[in-house]
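> Provided below for reference: sequence and predicted model.
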Amino acid sequence: MATTNLDRQPEVPPRAAAPARERAHPPAASRLAGLSGEGALDVLSRARELEAQGRRVAHLEIGEPQFAPAPHIVEAAQRALAEGDARYGPPSGLPALRGAIVDALAHRGVSASAENVLVTPGAKTAVFYSILATVNAGDEVLLPDPGFPIYASMTRFVGGTPVGYALDATRAFAPDIDDIASKITARTRVICLNAPHNPTGGTVSQRDLERIAELALEHDLLVVTDEIYGRIVFDDARGFTPSIASIPGLLDRTILVDGFSKAYAMTGYRLGYAVLPSWLVERAIVLAVNGHTCTPPFVQRAGIAALTGPQSSVHAMVAELKRRRDLIVAKLRGVPGLRCAAPAGAFYAFPDVSDALRSSGLTIKQLADRLLTERGVALLPGSGFGPGGASGLRISFAGVAADVATGIDAVADFFTALAA
Ligand code: PMP
């Protein structure tokens, strides 16, 4: 069996059950021990503590666009609520939203049908259900390392084994296909893809997707592709990242996950979806009935407005993010010892600070900590995204513009001083 330290047990170690009479309360289910949270939320609460003491903090930690959703989206939700559209709806989602999702996917070359769409309260729920629906105890799940920590957490939760694959830093963090191929075993069940990628902003080429598709077909694997940042791309004239689901023969072994949080700045609406193969979708809908019954209808009406209304807010946000990306990369590349690939999508830069780690003797967590306490910049140590992230810092540039500007200056200043 492939081994990986992604398989490490997280924060809550399982406790040996004490004899019943000595216990203050009954034990929790042991599977909870497999779960881990998200580092971003921990850093945010530390930053808030400092702010409560009167310190100014530039927030570069949270992956949430500080842009307002377009007015027609807000109005659609308000109208739906005023009309009383707040009762139970179909578990799979409103037909009009499922249809709009299918139309939007057709623009990306994915020809799904509405019956294959399951609308969920956020993309995260769609990831959760995808793993619950496909991974058995003992199965291995290949996931990007560094990567969104929830994939490994969920895999452990269901008794599976997370196996990290590398990203190629010399190719702007594209998936390392040779590494993926070398880690496939008889137990591998799922390959998890995420492009554009959290935490590096890397994307994936059509050619790489074709190679991954060949591996999936050859080894009879499922693919879970998390395309939540799919429309936030800076160097691709088409305005989206190619999807593995558009490759002939792949739709029947792919679960495509997407949502409205990032491109439409609708994080708090909690709206996402999964497109599932026909042989799986009915059971996944039953899973949704067990888990959340339905996604709030008035939220789905906002989603219909987002997909079918004007897209100018998306384009304006992506243009502003690209401007910030260019500025950040130029600034960080000017700092001695820092290496920074230009993120092609999402809204994260992931500079490599190996030189600073070596010369200072600090860990990546200590570096991030010093940036917060000494310079008032909240950002994330890459180690929170898996062992493969241990020499990087995740900088989110989706926040308030002033925070991004002052935060990056402070980061550049900190590393320049450290190098001197
Ligand atoms: N996937 C990735 C890679 C993410 O970064 C996030 C949000 N941080 C999500 C899924 C979850 O998105 P949602 O708000 O739709 O649940």
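Thanks, I have the structure now.
> tell me the secondary structure for the residue nearest to Val314 when sequence neighbours are not counted?
Once flanking residues are discounted, Val314 sits nearest to Ala263: 5.3 Å by C-beta to C-beta, 6 or more residues apart in numbering. (Each C-beta comes from the backbone N, C-alpha and C, glycine too.) Here Ala263 is recorded as coil under DSSP: H, G, I helix; E, B strand; the rest coil.
> quick one: contacts for the closest residue to Arg375 other than its chain neighbours?
Leaving aside its chain neighbours, Arg375 sits nearest to Ala410 (4.3 Å; criterion: C-beta to C-beta, 6+ apart). Neighbour list for Ala410: 58, 371, 375-377 [criterion: C-beta atoms under 8 Å, 6 or more residues apart in numbering].
> Among those residues, which pair sits farthest apart?
For the contacts of Ala410, the maximum inter-member distance is 9.7 Å, found between Ala58 and Leu371 (C-beta to C-beta).
> what about these two, which has more around it?
The neighbour comparison of Ala58 against Leu371 (other C-beta atoms under 10 Å) goes to Ala58, with 25 against 22.
> correct me, but that one touches Phe414?
No: under the criterion of C-beta atoms under 8 Å, Ala58 is not in contact with Phe414, lying 11.9 Å apart.
> overlap in contacts of these two?
Here Ala58 and Phe414 have Val377 as joint contacts, going by C-beta under 8 Å, 6+ apart.
> what sits in contact with each of Ala58 and Leu371?
Counting by C-beta under 8 Å, 6+ apart, the residues touching both Ala58 and Leu371 are 377-378, 410.
> Now, these that are in strands?
Judged by DSSP state E, strands contain the following of the shared contacts of Ala58 and Leu371: 377-378.
> what's the following helix or strand after the strand or helix carrying Val257?
Per DSSP states H and E, Val257 falls inside strand 254-259. For strand 254-259, the following helix or strand on the C-terminal side (DSSP H and E) is strand 272-275.
> What pairs with that following strand, parallel or antiparallel?
Using DSSP bridges, strand 272-275 pairs in its sheet with strand 117-120 (antiparallel), strand 254-259 (antiparallel).
> quick one: is it near the ligand?
Yes: using C-beta under 6 Å from any ligand atom, we find that strand 272-275 touches the ligand at Gly272.
> and that strand, how far from the chain's centre?
Strand 272-275 sits 14 Å away from the centroid of its parent chain (C-alpha atoms, centre = their mean, to the nearest Å).
> contacting residues around that strand?
Contact with strand 272-275 is made by 93, 101, 105, 110, 112, 116-126, 129-130, 228, 245, 254-261, 284, as judged by C-beta under 8 Å, 6+ apart.
> Swap in 6 Å and give it another go.
Under the criterion C-beta atoms under 6 Å, 6 or more residues apart in numbering, residues 101, 112, 116-120, 122-123, 126, 130, 255-257, 259 lie in contact with strand 272-275.
> what sits against Ile177?
Taking C-beta under 6 Å, 6+ apart as the criterion, Ile177 is in contact with 208, 211.
> thinking again about what came up before, can you narrow the contacts of strand 272-275 to ones near the ligand?
The residues of the contacts of strand 272-275 that also fall near the ligand, by C-beta under 6 Å from any ligand atom, are 122-123, 259.
> Which other helices and strands does the lengthiest helix in the chain contact?
The single longest helix within the chain, with elements called by DSSP state H, is helix 312-333. With contacts defined as 3 or more C-beta pairs under 6 Å, 6 or more residues apart in numbering; DSSP states H and E, the packing partners of helix 312-333 are helix 401-419.
> who touches the longest helix of the chain?
For helix 312-333, contacts defined as C-beta under 6 Å, 6+ apart pick out 67, 70, 232, 234, 263, 338, 340, 342-343, 347, 349, 351, 397, 404, 408, 412.
> Checking Thr293 next. Helix, strand or coil?
Classification of Thr293 by three-state DSSP places it in coil.
> any idea how far the residue nearest to Val223 when sequence neighbours are not counted lies from Ala58?
Leaving out its chain neighbours, the residue that sits closest to Val223 by C-beta to C-beta, 6+ apart is Thr254, at 4.5 Å. According to C-beta to C-beta, to the nearest Å, Thr254 stands 39 Å off from Ala58.
> likewise Leu271?
For Leu271, the distance to Ala58 equals 29 Å [C-beta to C-beta].
> Show me which residues of the stretch 1-150 of the chain are close to the ligand?
Contact residues (C-beta under 6 Å from any ligand atom) of the stretch 1-150 of the chain with the ligand: 63, 122-124, 148.
> How about the secondary structure of the closest residue to Ala349 other than its chain neighbours?
Excluding the flanking residues, the one nearest Ala349 by C-beta to C-beta, 6+ apart is Ile395, at 4.5 Å. Here Ile395 is recorded as strand under three-state DSSP.
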